[in-house]
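Asks: here is a sequence together with a model predicted from it:
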Amino acid sequence: MLVITPHNRLKLGPTQALQVFLDQQVVWLSLEELSQQPNLDPLLILLTLPVRPESELAASSQQILARRPDLKTVVLPMLVQRFPQLTEAQIMVIAGIPREEIRHTRAVQDWLAEGRQEGRQEGEARGEAREAAKMTLRLLNRRCGPLSEATTAQIQALPLEQLESLADALLDFQSPADLATWLAANS
């Protein structure tokens, strides 16, 4: 049995039976130690990417891809998994993959699809807020009379949730002062 560990700090418990099994049946392979070996095969370098220091990732990724360009569809998702906070452009710099080459990889296709979905959702939310603002402004003009440009702009800047709350509240307004009070309390 082969057990691959990212480091030597793995603790599996104090039982003597387990230790006897591990001593006789298991071959330990430390990825940290493996990553320090010179002239590794690209697949072994790939195996060590998760434990390599960040400062070595660009060189290691480029070394893999120089000898095995077919592995870019594996290198990129590994880097994405390791650095979920980085942008597509930052990961491409780390991997040393030109933008035009990477466009057709699965990870980038996933990024693009995710970006399109987020864009659609944001656009829909903005559209809903615009429509809610128009309707609320129409009702306020009827209830409170013509509104100033500053008040109109303030209402248009409200998020959808607050616009809905204002639309409910305006049914109880008796004068423009009620609107001013509501805006002061909810802005």
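Replies: Structure received.

Asks: residue 162 versus residue 66, what's the distance?
Replies: Distance of residue 66 to residue 162, given as CB to CB, to the nearest Å: 55 Å. (Each C-beta comes from the backbone N, C-alpha and C, glycine too.)

Asks: which of the two has more neighbours?
Replies: Each of residue 66 and residue 162 has its neighbours counted (other CB atoms under 10 Å); residue 162 has more, 18 against 10.

Asks: any idea how far residue 82 is from residue 53?
Replies: Where residue 53 is concerned, residue 82 sits at a distance of 12 Å (CB to CB).

Asks: looking at these two, which is more packed in?
Replies: Neighbours per residue (other CB under 10 Å) separate residue 82 from residue 53, with residue 82 holding more: 16 against 8.

Asks: against residue 91, how distant is the more buried one?
Replies: Distance, residue 82 to residue 91, by CB to CB: 9 Å.

Asks: residue 94 - how many residues pack around it?
Replies: 21.

Asks: and for the one 3 residues further on?
Replies: The number of residues packed near residue 97 is 22, by other CB under 10 Å.

Asks: pLDDT value on the nearest residue to it once chain neighbours are set aside, please?
Replies: Sequence neighbours aside, residue 72 is the residue nearest to residue 97 in space, at 5.8 Å (criterion: CB to CB, 6 or more residues apart in numbering). At residue 72, the pLDDT value in this model is 78.

Asks: also residue 20?
Replies: 60.

Asks: now do residue 173
Replies: At residue 173, pLDDT is 90.

Asks: what does the one 10 residues further on give?
Replies: The model reports residue 183 with a pLDDT of 91.

Asks: next, the buried residues of the helix or strand containing it.
Replies: Here residue 183, judged by DSSP states H and E, is contained in helix 176-186. Across helix 176-186, burial judged by 16 or more other CB atoms under 10 Å covers 176, 179, 182.
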